[in-house]
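1. Make a model of this:
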Amino acid sequence: MADGRFKVTLSALAVVLVALALARLGDAVGKRELMRAVREVRLERARVGAEFEEMVDRKVRLELDQQLLSHRITHMSKREHYLVVSRDRGTVQLFFGDKELLEVKFRLRGSTDGVSQFVTLPKGTFQILGKRMDTDWYRPDWLYRLEGLTPPRDSAERLVRNAFGPAELFLGGALSIHGPVSDAVPEGAVDHTYIELDEKSLKAVANAVGPGSLVYIE
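-> This is a model prediction of the structure:
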């Protein structure tokens, strides 16, 4: 009789143990599912956040485009020369009101950082801050010393005529429009980023615009 009760007790204990094991297994599976769901939610949140930031950025760019186009439309009614620099097409256009007078390809030159800054520059309107119709350049002392030479006292000996082509337009922020740099000017001596035009086109542009003229950079 006692043996029978012992067997019943063992059977009941086995049932309890099995139930506990199944409960723990179910709990573990549930936790894994919950953790997987949490990871999925986090990934989805990150994706939605990235899409939202992209949409905000696109909205800002579109607003800038709209402002730039509105400004250009207003300027078209004025009988003034202005420039449009298209980075996508690599062109400089000369306009008079709504009439295009010239379109020419350009090359972007300068330091790696300067070129990168120009490429990523937001679209906007610049003014020509200065213009010179000669681009004479004088070799600095440090260049002579770098070459192991004594710098001459006579500035005429340092002179490189039209070192940057027949004209130069200053846009500010170490950005200019000018011609090809003379071979007499070492690469390390050029301390700015520039939009390089061929000499014929540069003369036409420089003769048409001057300080105060607008430059639209697209």
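2. Show the end-to-end separation of stretch 164-173, please.
-> One end of stretch 164-173 to the other measures 18 Å (Cα to Cα, to the nearest Å).
3. With stretch 124-141 instead?
-> Note: stretch 124-141 ends 38 Å apart using Cα to Cα.
4. do stretch 101-114 as well
-> Using Cα to Cα, the two ends of stretch 101-114 sit 29 Å apart.
5. buried residues in it?
-> Residues of stretch 101-114 classed as buried by neighbour count (16 or more other Cβ atoms under 10 Å): 102, 104, 106, 108-110, 114. Just so you know, the C-beta spots here come from the backbone N, C-alpha and C atoms, and that holds for glycine as well.
6. Looking at those, which are in strands?
-> 102, 104, 108-109 (DSSP state E).
7. tell me the two of these that are most distant?
-> Leu102 and Arg109 (20.4 Å; Cβ to Cβ).
8. Out of the buried residues of stretch 101-114, which comes closest to Gln127?
-> Phe106 (18.7 Å).
9. Hmm, the closest one is touching Leu202, no?
-> No: contact status for Phe106 versus Leu202: not in contact, 9.7 Å apart, counting by Cβ atoms under 8 Å.
10. overlap in contacts of the two?
-> Listed as contacting both Phe106 and Leu202 by Cβ atoms under 8 Å, 6 or more residues apart in numbering are Ile177.
11. residues contacting the residue nearest to Ala163 when sequence neighbours are not counted?
-> Spatial nearest neighbour of Ala163, chain neighbours left out: Trp137 (3.6 Å); criterion: Cβ to Cβ, 6 or more residues apart in numbering. For Trp137, the contacting residues are 159-160, 163-164, 182, 185, by Cβ under 8 Å, 6+ apart.
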